[in-house]
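[1] Next come a sequence and a model predicted from it.
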Amino acid sequence: MPKDVITPRATDYNQWYLDIVREADLAESAEVVRGCIVVKATGWGIWEMMQRELDDRIKATGHANVQFPLLIPKSFIMKEAEHVEGFAPEVAEVTRAGGEELAEPYVVRPTSETIIGHFYSRWIRSYRDLPLLYNQWCNVMRWELRTRPFLRTSEFWWQEGHTAHATEAEAEAETLKILHDVYADFAEQVMAVPVIRGLKTEKEKFPGALRSYCIEAMMQDGRALQAGTSHNLGQNFARAFDITYTDQNNTVQHCWTTSWGVSTRLIGALIMTHSDDEGLVLPPRLAPTQVVVVPIYKSPEERAQVLEAVARITGPWHGRLRYRIDDRDNLTPGFKFNEWELKGVPLRVEVGPKDVEKGSVAVARRDLPGRAGKRFVPQAGLSEHLVALLDEMQGGLFQRALQFRAERSAVVGNYAELQQQVERGFAWAYWDGSSEDERHIQEQTRATIRCIPLDQPEAPGRCVYTGRETRQQVIFARAY
RNA sequence: CGGGGCGUGGCUCAGCCUGGUAGAGCACCGCGUUUGGGACGCGGGGGUCGUGGGUUCAAAUCCCUCCGCCCCGACCA
């Protein structure tokens, strides 16, 4: 049953996205603060689930959490040439405080490589201090001209990992470990969002990095979304901030550093991967509420009987399921069904007088919206049934997204095919062009090289643009 | 930062062209009847018409300023 508060995806995908954010009560525009949003309880609840899962993985790979200042001396940002150029247009500055002009302005952190670099240079003396593996959860600010909730806002929330190593090989191993074991694993196993792991081109890499890796996801309109990045910073920041150590041979060496991050943008990825015209669809492993129980009754006597049955039925769920009983008395069941579908709760259990009598309940699954996903099942063994259903849904969402991506992906052999394919999804193409060629293609097609996938084909082919033979394949797509 | 559109109870909007002191639906509050896919009746509360200035006897309405939001293009997690 289409909901009139949600614009169908086929009508206007962008408006659909905004409708979902509003109706699922995830966030709203901060209005009084340009380009910023207020993340509401439901939206922040999802972020907290993401944080928990990611933080476990970050700790499991040997990192500890720290916290650096929100404000960074402006001169720090200026120290690394590429970094300055990349971030200068989007930093906000604090020039006055305590009623006086500051001797040196601060910038509100757009990312923390510089201030962390400053302290790393003080903390690291010997090879015995390495590797240094820290992460911080914080908010950052990048002044944006055009914003969209979660996908691009001036303030956003993220984690940024910053590590220092003795050798290039160790830094590279760290960068890839985060990409695979933390980001890709989290995206696919927890978010049920299939991702392509790849390397950014020179044109698209992080300002100041040696190499940037990324995970790229495909949204339902065929556009690409960068869902996470992991950078090997080489010795660029180590040189700019004098991060050095003495090695086993008593020689002073520059460290090799890395940085990596994922942000609240992942909430946007989640929405645009799974949700439908009925509202938000949450994968069970990320849903703050996995099961909502809606009691159904007419008289006060029925109400008492039904609520008693609900208490008995949900008793064994403690610690196994994240659930909530919607016993609000001023709303009809039908209204609640629609509301919880809008909010993406994976499973709904209805308990009415007939169920009390027959020892059954109605279970509706969100991945099959409306009455189609509704079944009457016995109360006996219900917890196991629900746990199994959630598991099935988690896998099903991933498979559905994977299939969608496959349908919207194609290898293109020439430029005409490339132009067509980026209209609908990912265009895989052999590539041997320059940054300048890349720019030309962007001007003509609005598509960019999202990444050079880590999994490359065996056989060489001809570059889609220059016609030269190459072994390298890349993905072109329009991106968010 | 260019081009277009728009700011009126919490929300969506009408009223503006043709100036005369603000309305609807939804939401909210109270009471009653309802309740297995967005209930209904009756009663009620709530608006410096984005901001500042100007024109006028009189401005939501006409003119100017600024601010903000949305859409479309150039830059970006």
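    In hand now; what should we look at?
[2] The longest helix along chain A close to RNA strand B?
    Longest helix in chain A by number of residues (criterion: DSSP state H): helix A:382-407. No. Using Cβ under 7 Å from any atom of the strand, helix A:382-407 never reaches RNA strand B; the gap is at least 12.9 Å. C-beta here means a position set from N, CA and C on the backbone, and glycine is covered the same way.
[3] Just list what that helix packs against, helices and strands only.
    Helix A:382-407 sits against strand A:211-218, helix A:265-274, strand A:347-351, strand A:360-365, with contacts defined as 3 or more Cβ pairs under 8 Å, 6 or more residues apart in numbering; DSSP states H and E.
[4] Now do the helix or strand just after the longest one, average pLDDT.
    Stepping forward along the backbone from helix A:265-274, the first helix or strand reached (DSSP states H and E) is strand A:291-295. Along strand A:291-295, the predicted confidence averages to a pLDDT of 97.
[5] same check, this time on stretch A:98-110
    Taken as a whole, stretch A:98-110 has a mean pLDDT of 87.
[6] Grab the nearest non-local neighbour of residue A:197.
    What sits nearest to residue A:197 in space, not counting adjacent residues and going by Cβ to Cβ, 6 or more residues apart in numbering, is residue A:454, at 4.9 Å.
[7] wait, what's in contact with the one you found?
    With contacts defined as Cβ atoms under 8 Å, 6 or more residues apart in numbering, the neighbours of residue A:454 are A:197, A:198, A:199, A:213.
[8] State the pLDDT value of residue A:2.
    In the prediction, the pLDDT value recorded for residue A:2 is 64.
[9] meant to ask about residue A:148
    86.
[10] Please, which helix or strand holds residue A:171?
    In this structure, residue A:171 is located in helix A:168-177 according to DSSP H and E.
[11] angle of that helix against strand A:211-218?
    Orientation note: helix A:168-177 sits at an angle of 10 degrees relative to strand A:211-218 (axes from the mean of the first three to the mean of the last three Cα atoms, to 10 degrees).
[12] Check the offset of helix A:168-177 from the chain's centre.
    Distance of helix A:168-177 from its chain centroid, counting by Cα atoms, centre = their mean, to the nearest Å, is 22 Å.
[13] Which neighbouring elements make contact with that helix?
    strand A:155-165, strand A:211-218, strand A:224-232, strand A:256-263.
[14] Could you tell me the angle between it and strand A:155-165?
    150 degrees.
[15] chain center to the longest helix of chain A: distance?
    With Cα atoms, centre = their mean, you get 19 Å for helix A:382-407.
[16] Can you list the buried residues in that helix?
    Residues of helix A:382-407 classed as buried under the neighbour-count rule (16 or more other Cβ atoms under 10 Å) are A:382-383, A:385-387, A:389-390, A:393-394, A:396-398, A:400-401, A:404-405.
[17] tell me the mean pLDDT over it?
    The average of the pLDDT scores along helix A:382-407 is 98.
[18] Can you give me the domain assignment for chain A?
    Domain assignment of chain A by automatic domain parsing yields the ranges A:13-274, A:291-389, A:409-477.
[19] Export these to a markdown table and append columns for distance to residue A:3.
    Conversion of the domains of chain A to a markdown table gives the following (distance: least, Cβ to Cβ, whole Å):
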| stretch | distance to residue A:3 |
| --- | --- |
| domain A:13-274 | 8 |
| domain A:291-389 | 6 |
| domain A:409-477 | 27 |
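[20] which of these is buried the deepest?
    Counting by mean count of other Cβ atoms under 10 Å, domain A:13-274 has the highest mean neighbour count of the domains of chain A, with a mean of 19.
[21] Tell me if it is near RNA strand B.
    Yes. Domain A:13-274 comes into contact with RNA strand B when judged by Cβ under 7 Å from any atom of the strand, the residues involved being A:14-15, A:18, A:29, A:31, A:34-35, A:86, A:89, A:142, A:144-148, A:151-154, A:156, A:204, A:206, A:226, A:229, A:261, A:263-265.
[22] residue contacts, residue A:37?
    Residues counted as contacts of residue A:37 (Cβ under 8 Å, 6+ apart) are A:27, A:28, A:29, A:30, A:149, A:150, A:153, A:155.
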